[in-house]
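# sequence isn't available, so here's the structure alone:
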């Protein structure tokens, strides 16, 4: 893209975001002075702006998601990283440093837990874009990969869709939030990268979800609130004196969005799993559907047989289907869950073929742009 043209598109996007911010102010003062709430609903940009958003955002986050660039971040994450391995520790450092580069407040939840292979050390990564927010949407994924061999540093299973791709999408979203600053003091985003989702041997209630179970306990150990000082702050120190004493109720978490097994080349779709968040699912579905029409083709990643526009989501409600994943400990706390997991699972799930070669680059951008616009729309019309 020509530099001048790129600047003009960014200017157009910035103007549209400024107009969105002014609409938030109008909405706020309307409520203050009239005591009434507008009957607003999720809205997305016009077709022209949507096309410009897509192209500009792809340029911005290519350093994270571009499958054709060997040094893009997703290539660093989509390597074997079972708990306890050198690559596992490296991924913790990569994710944490990248989040700090995006001006997030970053915390580590370090703990040890008994496992079927003895006591193991784990680290959940938590990042908050706006500590002054009074309500949060959680965006979460797990960063560990399945252990299939005795020597963790010779592991071959890379877990590209399980869940390096989802972690990369979250990091791309963090970059966009940092670049466009669309958050308000009402609604913020909390990113959680869970450790220890995978079983060490066979999946059971005890041998799985180590990180999410522990963090859910941290969130619920006080009836009224949990303070960030209960977590271990790493390296980054904010000038905000209230940072370590910042507290929030579990009730301040308006929605928990979990990403897993996304980005595979399979023609599998994500359906809606819960009745109480089906409305939110349909809002995201509507945005994803329109983004699909304006997402530029990434032709170099497809053979002639693969040049298609797969639909990421289905409007189906499959609330009788139970998926065991990191959302479960938080669902038990009464937090609304939006589960973005394909059903059925991708065909390469838990096999050595779940590699970066079998990821769909277009789907990665599609999910990122859709979730970004979903959150932008939430901030424009939110009642929080």
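Now that the structure is in, tell me what you want to look at. What you see is a predicted model, and the numbers here were worked out from it, not measured in a lab.

# just the helices in the stretch 1-150 of the chain please.
Using DSSP state H, counting those that start in this stretch, the helices of the stretch 1-150 of the chain run over 3-34, 47-65, 73-77, 86-101.

# so where do the strands sit in the protein?
Along the chain, counting by DSSP state E, strands occupy 105-115, 118-128, 135-142, 187-194, 226-227, 232-233, 247-248, 253-259, 270-272, 313-317, 337-340.

# distance of the nearest residue to residue 159 once chain neighbours are set aside relative to residue 55?
Of all residues not flanking residue 159 in the chain, residue 145 sits nearest, at 3.6 Å (C-beta to C-beta, 6 or more residues apart in numbering). For every residue, glycine as well, the C-beta is placed using N, CA and C. Distance, residue 145 to residue 55, using C-beta to C-beta, to the nearest Å: 33 Å.

# who has more neighbours out of these two?
Neighbour count, other C-beta atoms under 10 Å: between residue 145 and residue 55, residue 145 has more, with 29 against 18.

# which residues does the more buried one contact?
The contact partners of residue 145, by C-beta atoms under 8 Å, 6 or more residues apart in numbering, come to 80-82, 155, 157-159, 162, 164, 198.

# so what's residue 272 closest to, chain neighbours aside?
Setting aside the residues directly before and after it, residue 272 is nearest to residue 281 in space (C-beta to C-beta, 6+ apart), at 4.0 Å.

# residues contacting the one you found?
Residue 281 is in contact with 272, 313, 338, counting by C-beta under 8 Å, 6+ apart.

# how many residues are close by the residue nearest to the last one when sequence neighbours are not counted?
What it means is residue 338. Excluding its sequence neighbours, the residue lying closest to residue 338 (C-beta to C-beta, 6+ apart) is residue 257, at 4.5 Å. Number of residues near residue 257 (other C-beta under 10 Å) recorded here: 23.

# tell me the contacts of residue 257?
Residue 257 sits next to 137-140, 338, 340, 371 when contact means C-beta under 8 Å, 6+ apart.

# again, only using 7 Å
Residue 257 makes contacts with 137-140, 338, 340, as judged by C-beta atoms under 7 Å, 6 or more residues apart in numbering.

# buried subset of these, written for ChimeraX?
Entered in ChimeraX, the line below selects the buried ones among the contacts of residue 257, by 16 or more other C-beta atoms under 10 Å:
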select :137,138,139,140,338,340
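
# in CSV: the contacts of residue 257, plus pLDDT and distance to residue 103.
Formatted as CSV, those follow (pLDDT from 0 to 100; distance: C-beta to C-beta, whole Å):
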residue, pLDDT, distance to residue 103
137, 95, 18
138, 96, 19
139, 98, 16
140, 99, 20
338, 98, 25
340, 98, 25
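
# report the buried residues of stretch 162-180.
162-177, 180.

# so which residues make contact with it?
For stretch 162-180, contacts defined as C-beta under 7 Å, 6+ apart pick out 17, 57, 60-61, 64-65, 73-74, 77-78, 95, 98-99, 102-104, 127, 129, 139, 141-143, 145, 183, 189, 191, 193, 259-263, 349, 354, 359, 364, 367-368, 371-372.

# residue 217: how many residues sit nearby?
Residue 217 has 12 neighbours, counted by other C-beta under 10 Å.

# out of everything not next to it in sequence, what's closest to it?
When the adjacent residues along the chain are set aside, residue 217 lies closest to residue 329, with 7.8 Å between them (C-beta to C-beta, 6+ apart).

# pLDDT below threshold where in this structure?
For the chain, applying pLDDT under 70 flags the ranges 1-54, 182-185, 221-226, 228-248, 296-310, 380-384.

# switch the cut-off to 50
By pLDDT under 50, the low-scoring segments of the chain are 1-7, 9, 15, 17-42, 235-237, 239, 241, 299, 301-307, 381-384.

# any idea which residue is closest to the centre of it?
What sits nearest the mean C-alpha location of the chain, by C-alpha atoms, centre = their mean, is residue 170, with 3.6 Å.

# residue 194 versus that residue, what's the distance?
Distance, residue 170 to residue 194, using C-beta to C-beta: 11 Å.

# residue boundaries of the helices in the stretch 201-350 of the chain?
Using DSSP H, counting those that start in this stretch, the helices found in the stretch 201-350 of the chain span residues 210-220, 278-294, 328-331.

# list the contacts for the closest residue to residue 265 other than its chain neighbours?
Counting by C-beta to C-beta, 6+ apart, residue 265 lies nearest to residue 360, which is 4.7 Å off, once chain neighbours are set aside. Shown in contact with residue 360 (C-beta under 7 Å, 6+ apart): 263-265.

# from the contacts of residue 281, pick the one nearest residue 90.
Comparing those against residue 90 with C-beta to C-beta places residue 338 closest, at 30.2 Å.

# tally of neighbours for the nearest residue to residue 130 once chain neighbours are set aside?
Closest residue to residue 130 in three dimensions, ignoring its sequence neighbours and counting by C-beta to C-beta, 6+ apart: residue 188, at 3.9 Å. Residue crowding around residue 188 was assessed by other C-beta under 10 Å; the count is 23.

# ok, what's across the strand from residue 188?
Taking DSSP bridges as the rule, residue 188 bridges to residue 136.

# list the contacts for it?
Contacts of residue 188 were listed using C-beta under 7 Å, 6+ apart, and they are 128-130, 133, 136.

# with neighbour count and distance to residue 110 as extra columns, can I get the contacts of residue 360 in CSV?
Listed next are those as CSV, based on neighbours: other C-beta atoms under 10 Å; distance: C-beta to C-beta, whole Å:
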residue, neighbour count, distance to residue 110
263, 32, 29
264, 23, 31
265, 20, 36
